[in-house]
Structures are given as structure tokens and as C-alpha cells.
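J.: let me see the structure of the following:
(chains A and B)
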2 protein chains.
Amino acid sequence: MKVLVLGAAGMVGRKLVARLMEERQIEGRQISALTLADVVEPSIEGSRIPYTLVAADLSADGAAESLIADRPDLIFHLAAIVSGEAEADFEKGYRINLDGTRYLFEAIRRASQAAPYCPRVVFTSSIAVFGEPLPAVIGDHHEHTPLTSYGTQKAIGELLLADYSRRGFFDGVGIRLPTIAVRPGKPNKAASGFFSGIIREPLAGLEAVLPVEDSVRHWFASPRAAVGFLMHAAAMDTGLLGNQRNLSMPGLAVTVGEQIAALERVAGPKAVALIRRDPDAVIAGIVAGWPKAFEAKRARALGFAGDTSFDAIIEIHIEDELGGHIAK
Amino acid sequence: MKVLVLGAAGMVGRKLVARLMEERQIEGRQISALTLADVVEPSIEGSRIPYTLVAADLSADGAAESLIADRPDLIFHLAAIVSGEAEADFEKGYRINLDGTRYLFEAIRRASQAAPYCPRVVFTSSIAVFGEPLPAVIGDHHEHTPLTSYGTQKAIGELLLADYSRRGFFDGVGIRLPTIAVRPGKPNKAASGFFSGIIREPLAGLEAVLPVEDSVRHWFASPRAAVGFLMHAAAMDTGLLGNQRNLSMPGLAVTVGEQIAALERVAGPKAVALIRRDPDAVIAGIVAGWPKAFEAKRARALGFAGDTSFDAIIEIHIEDELGGHIAK
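T.: Prediction:
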């Protein structure tokens, strides 16, 4: 089968590509060709399957048509600009996250009208589709009232995915990813950055700032679990979805205090001592409006499996990012 | 104040225009100019306020910019192609119902960036945004899983309305209209047509076909109530909405049997005898997937007032469409 990954240079995209190159198949169907696209050409280190690298902006004229010209059987659509950028640049956010997605879906529809074609499309949505009013635990049938343009664009993408799938233009699955932790790389300015920072930095022997109370609760998945969700969405029986093509993924609901306790169990008190509490009312205010936990019953019933504990999430980071070693 | 009505030639549009021309003000603010637009030029009989008629397709290049060039203070956006047509012609549905709406919102945004401008925008959404799985009574925070392209386009319109309002580009209110009954005019091919037909035709001394069981329950508003919702949305304090700009309107949940009982009370057994039962499994199947009732608590708390009984809905039809007379 031919596989196309859009957004292949992003953090989740790179980990998905590594997994595809390692497994070389999806549910027993061999991957014959892999096309990896992003706005900057993705870099690849060694591969056992043929691949093509493409630098393309999905929102540019004709880009979507070119990307699906060889009729991939499976398309992972992870391409998006992030929440902060979509909020800062309204036009760019709508162009990349809404128009780009619609151009892709339209290109597939037109191809499907020209000759029989119905690829699996796996779309990464986000818990940012949810906003006020939020119950303590969000059920599988809760309304979408996003509080950001990014969340709005993702919610629209979900609606389009469901309608195009209902019409038979493609076979879509939308997955709402939890916040990814532990996010590898450098600290960034995202309001959610500390959720990963308070684990990643101490494990590297560095100080981390914690701007909120220990009681703050949030919804997490490891990068490895996120890739697992994508792989399962690519292989699952979509007949079980009916017309409800979008699913909240099973994350872990954990408080900051529970994160820190897990860090202590995995890496000891010296790591925990590197967390510096520096309350920030602005960040605390932003985070207060975020989802805390989900039921995710449908996704679990459909075979999506999340992380088992925050201890396990930390161990995944140590294995996958630190070569198994914690800074002494 | 300057008022623009998009979709002014439609059934609800015409009734709204008549009400605006009669009242000549919105909550004490005089209407100085009224622009009435539709794809065909609306026809008007007598008016006590200055008005302009415009034939324009909102989805055409530059049309939205022209329509808001004189910066209306209040915009009613009722323009849409109906569910059946949007389902039959995929591209046209998305062009008119999604692109048209987005072009309008974008034209307002650009005008608001050029010089301070923040009009009230009243958008008619639909209960078609709701689909499987449906509870018996739909709460105010139920998810949108539309089962038609029309419902998808309306759900996207709601999301855009909320985001553009949150950003301060305009001051939007989206109202999900119940099924309108009694719909004036000739019988049509809409699957919902019989809900009005079984009242309208007998009142005119004509036979009507009933294709479903008496136990079928649905959600109704009279044309007069629908116009009342629009007028209230134009005048209300939107500060009370927060970021949740879209509301399910308070309709009446009534079974077909209750409709018929109301017809008998208002017009006697002779009218009821004109209803011919002719079960149609296809129509029954379509209608089975439709919403039956809503809580509509938020809208009621915000002052939206629906019809008081189905008897009253029938009497409104007799007053407004039949000059007070029932066929003998």
C-alpha cells in the first residue's frame, strides 16, 4: 500500500514515520511507498522502505492535487499550525488549518469522482475543540465550543471529515489527541509547556519552572501512545464508527502533584528538587479553562489503548529520548 | 440604524421583512435604511421605510463586500440553499452555504480592520446540526454530528460565527430554528412537508397525505415565532452569551396525533377527515432520524419565546395566511 504523511516533520509526524519505517506494514498490508510531506522537507535517517520527501504547503494552489496524484491508499493528515500561531495570525491559521484541510479533502473527492478511489484518511484533531462550559469529565457526546481559532479550525475539520466520509469520498477517522507528554526538545513558550518541562528538564539534570498549583489536572498521552492511536486509526474497522467519525482518544487524567510523585518514583527526590515553583496567574488562568479529563469510552471500546500510568509515560521518555539514562 | 437582510425572498425572510417594515425599529432604534438581498430580487408591497432591493449571490466574487459596503449595523443572514438541494448538489451546497457564509464573515472582518465596525449578525442555523446518537430530549450542550451536508454547513457556520465574535470582528448570534409549521404555500417534496401539509391542506378544504404514524414526534415553531426569534436575537444583550453564540430555539414538541387533535379543536372533524393515511416507509425512515424535542433552557432564559400550543400555531396560520377564514 502507498502511504502519505502530511505534517511529517512535526514531533508526532517524525515519530509516526519512524514507526511506519520500522513496521513496514499496516495490519499485514506491506507499505510499498511512503511519501513524507511538510512545509519544510522532512529529514530521514535510514529507511527499509522506499520513500519520497516533499516540501509543500497544502494551502498553496494545486499542492493537494500533486500530493495525492499517485492515489495513496492511506493518508495521515497531521499538518497544522499550532494553537498559539493560529491565534496570533488569524488569516494564516484559517489558510493552513481550514483551507489546507479542505483542499486536501476536495482533491481526494475529485479524484474519487474521476475513477474509483476511497483512501483511509486519518486526521489529528485536538481536545481544543472543547470549551466552556466544561464538565469535570467530558463525555463522548459533548458539544464543541472551542475558545481558540485553532480549536475552531479543528472542529470544522472534524465536520468535513465526517461529511466527506458519509458521502463515500474517503474513509475518514478523526482522533482528538490529548496533550502530549513528555514532549521532547527544548522548553517552548506554549502555555502547556510546563506539563512536559517539569519532567523533561529534571531528567536532564536541569531546573524546571512550575507556574501552577499541584492540584491542576490535565489529560495526557505519551508520544508513543499518540503514534499508537494513529496506527490503530489507520487499521481499524471503520464500519464500527457509523457516521461518527471523530473520537476523543483515551488519555490519562493526572494532576501536577501526581506527575511529580511519578517523577519521584522513577527518578528520585533529586529530580523533584529541580522543580522550582513560580506561580504565574496568567498561565494558571489559561490552564483553568482547559479540559481536565474525558470518558473516551467509545475509543476504548474500539480498541484504542492509551498509557497505563504517568510512571510509564516518564519511562517511555527515558527509553525513547534519553537512551535509557537519567542525568545523575 | 441600517439593516441588511440576506435571503430576503425566502419564506422566513419575507415575513421578517414585513415585520421590520411594520415596526420600523429594533428596540427603540429607528431603521433608517433596509437592504433586501437574495439570489432573485425580493418583491415588496408597500413600505414605510426606505429600502433597496438587491439580486446577489453571496458566493460570487466581491458580492459580500458590495453588500456590506455601507456598513449595516444589523445583518440577518438567512441565505442558504435547503437541505434537499445541498444533498443533491454537493458542490453547490458547500459554495452557497459554507463559502457564502465565510465570504460574508470575511468581508465584515476586513471592514472591521479598516475602520471600527462591529455589526450585529443574526445567523439562522438549524436543528439539522444534530444527528446520531440522539437522546429523546436534546440538551443545550449536545454534540453536533449532522447527517446531511446541509447540517454540516450550518454547524460550520456556527463555529465560524462564534470564533469571529470572540475575536471581536462582529457581534454574532446563531439561532437553530425548529421545523417551521404551518408552512404556507403549495405542498413540496421535502420529507418534512407533511407536517405542515396535514394542517394547511385541510384548512383550505383539500386532501392531505400523512405518510407516518400518529406517534411520530417532532419540534415546531410557527413562522411568526421564527420571526420573533430573529427580532429578539437582533435586540438582545449578547454579553449574556459569553463565547457560546449559538442557541437551540424553544420550539414545541408535538406528535402527529397531537397535531391532528389540535386541528380538530380549531377546525372540526370535517378538516380532520381530509387527512388520508398512506404509510411511506422511506419517509418514515428519514423522519425517524430527526430530533424529537429539545430542552432549549438557555434560549428561554435569554428571553426567546416560542409558541404556546399547536392550537395557537394553527390559529396563526389562519390569521396570517387565510385572512382569518377556514374553508367550509
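J.: ok, and does stretch A:283-293 reach over to chain B?
T.: No - if you take Cβ under 8 Å from any Cβ of the partner chain as the test, stretch A:283-293 misses chain B, and the best it gets is 10.1 Å. To be clear about C-beta, it is placed using only N, CA and C from the backbone, and glycine gets the same treatment.
J.: err, stretch A:155-173, not the other one
T.: Yes - Stretch A:155-173 reaches chain B (Cβ under 8 Å from any Cβ) through A:155, A:156, A:159, A:160, A:162, A:163, A:166, A:167.
J.: look up how far residue B:195 lies from the fifth one.
T.: Using Cβ to Cβ, to the nearest Å, one gets 27 Å for the distance from residue A:162 to residue B:195.
J.: up against chain B, what does the stretch 151-300 of chain A have?
T.: Near chain B, when you scan the stretch 151-300 of chain A using Cβ under 8 Å from any Cβ, you find A:152, A:155, A:156, A:159, A:160, A:162, A:163, A:166, A:167, A:242, A:243, A:244.
J.: buried subset of the residues you listed as a PyMOL selection?
T.: In PyMOL, a selection of the buried entries from these looks like this (16 or more other Cβ atoms under 10 Å in any protein chain shown):
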select buried, chain A and resi 152+155+156+159+160+162+163+166+244
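J.: can you give me the strands for chain A?
T.: A:2-6, A:25-26, A:29-30, A:33-38, A:51-55, A:74-77, A:120-126, A:171-177, A:179-180, A:208-210, A:217-221, A:246-248, A:252-255, A:275-277 (DSSP state E).
J.: give the buried residues for the fifth one.
T.: When you say that, I think you mean strand A:51-55. In strand A:51-55, counting by 16+ other Cβ under 10 Å, buried: A:51, A:53, A:54.
J.: so what's the residue count around residue A:267?
T.: 19 (other Cβ atoms under 10 Å in any protein chain shown).
J.: that older thread, format the residues of the stretch 151-300 of chain A next to chain B as TSV; extra columns: pLDDT and distance to residue B:253.
T.: Listed next are those as TSV, based on pLDDT from 0 to 100; distance: Cβ to Cβ, whole Å:
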residue	pLDDT	distance to residue B:253
A:152	98	31
A:155	98	28
A:156	98	30
A:159	98	26
A:160	98	31
A:162	98	27
A:163	98	27
A:166	97	27
A:167	97	31
A:242	94	25
A:243	93	24
A:244	96	24
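J.: pick out the most distant pair among the residues of the stretch 151-300 of chain A next to chain B.
T.: A:152 and A:242 (24.8 Å; Cβ to Cβ).
J.: tell me which residues in stretch A:137-149 are buried?
T.: Buried residues in stretch A:137-149 (16+ other Cβ under 10 Å): A:138, A:140, A:141, A:142, A:143, A:144, A:145, A:146, A:147, A:148, A:149.
J.: contacting residues for the last one?
T.: Residue A:149 makes contact with A:86, A:87, A:90, A:93, A:94, B:163, B:167, according to Cβ atoms under 8 Å, 6 or more residues apart in numbering or on different chains.
J.: any idea of the pLDDT on residue A:49?
T.: On pLDDT, residue A:49 comes in at 88.
J.: that one contacts residue A:33, doesn't it?
T.: Yes - with contacts counted by Cβ atoms under 8 Å, residue A:49 reaches residue A:33, the gap being 7.4 Å.
J.: now residue A:203, nearest residue through space, not along the chain?
T.: residue A:326 (5.4 Å; Cβ to Cβ, 6 or more residues apart in numbering or on different chains).
J.: what pLDDT does the closest residue to residue A:135 other than its chain neighbours get?
T.: Excluding the flanking residues, the one nearest residue A:135 by Cβ to Cβ, 6+ apart is residue A:142, at 7.2 Å. Confidence at residue A:142, expressed as pLDDT, is 95.
J.: kindly report the same for the one 4 residues further on.
T.: With respect to pLDDT, residue A:146 scores 95.
J.: with residue A:328 instead?
T.: 69.
J.: beta partners for residue A:277?
T.: residue A:210 (DSSP bridges).
J.: what's the neighbour count on it?
T.: Neighbours around residue A:277, by other Cβ under 10 Å: 11.
J.: wait, residue A:275 touches residue A:198, no?
T.: Yes - with contacts counted by Cβ under 8 Å, residue A:275 reaches residue A:198, the gap being 5.2 Å.
J.: residue ranges of the helices in chain A, please?
T.: Assignment of helices within chain A using DSSP state H yields the ranges A:11-23, A:63-67, A:83-88, A:90-93, A:100-114, A:149-166, A:193-203, A:223-235, A:256-267, A:269-272, A:281-288, A:297-301, A:310-321.
J.: now, of those helices, which is deepest in the fold?
T.: Each of the helices of chain A was scored by mean neighbour count; the highest is helix A:149-166, a mean of 26, by mean count of other Cβ atoms under 10 Å in any protein chain shown.
J.: so what's the residue nearest the centre of chain A up against?
T.: For chain A, residue A:177 is the residue whose C-alpha lies nearest the centre (Cα atoms, centre = their mean; 4.7 Å). Listed by Cβ under 8 Å, 6+ apart, the contact partners of residue A:177 are A:12, A:124, A:125, A:126, A:127, A:221, A:226, A:229, A:249.
J.: and the residues you listed, which two are furthest apart?
T.: A:12 and A:127 (14.3 Å).
J.: quick check: the gap between residue A:317 and residue A:276.
T.: 20 Å.
J.: swap in residue A:175?
T.: 35 Å.
J.: those two - which one has more neighbours?
T.: More crowded of residue A:175 and residue A:276, by other Cβ under 10 Å: residue A:175, with 22 against 12.
J.: count the residues that sit near the residue nearest to residue A:203.
T.: Residue A:326 - counted by other Cβ under 10 Å - has 17 other residues nearby.
J.: my read: it touches residue A:318, true?
T.: Yes - at 6.2 Å, residue A:326 and residue A:318 qualify as touching, with contact defined as Cβ under 8 Å.
J.: now do the buried residues in stretch A:173-184.
T.: Quick answer for stretch A:173-184 (16+ other Cβ under 10 Å): A:173, A:174, A:175, A:176, A:177, A:178, A:179, A:180, A:181, A:182, A:183.
J.: need phi/psi at the closest residue to chain B within the stretch 201-328 of chain A.
T.: Residue of the stretch 201-328 of chain A nearest chain B, by Cβ to the nearest Cβ: residue A:244 (5.4 Å). As for residue A:244, its main-chain torsions (degrees, to the nearest 10) stand at phi -100, psi 90.
J.: contacts only, for the nearest residue to it once chain neighbours are set aside.
T.: Excluding its sequence neighbours, the residue lying closest to residue A:244 (Cβ to Cβ, 6+ apart) is residue B:145, at 5.4 Å. Residue B:145 makes contact with A:162, A:243, A:244, B:130, B:131, B:132, B:133 under the criterion Cβ under 8 Å, 6+ apart.
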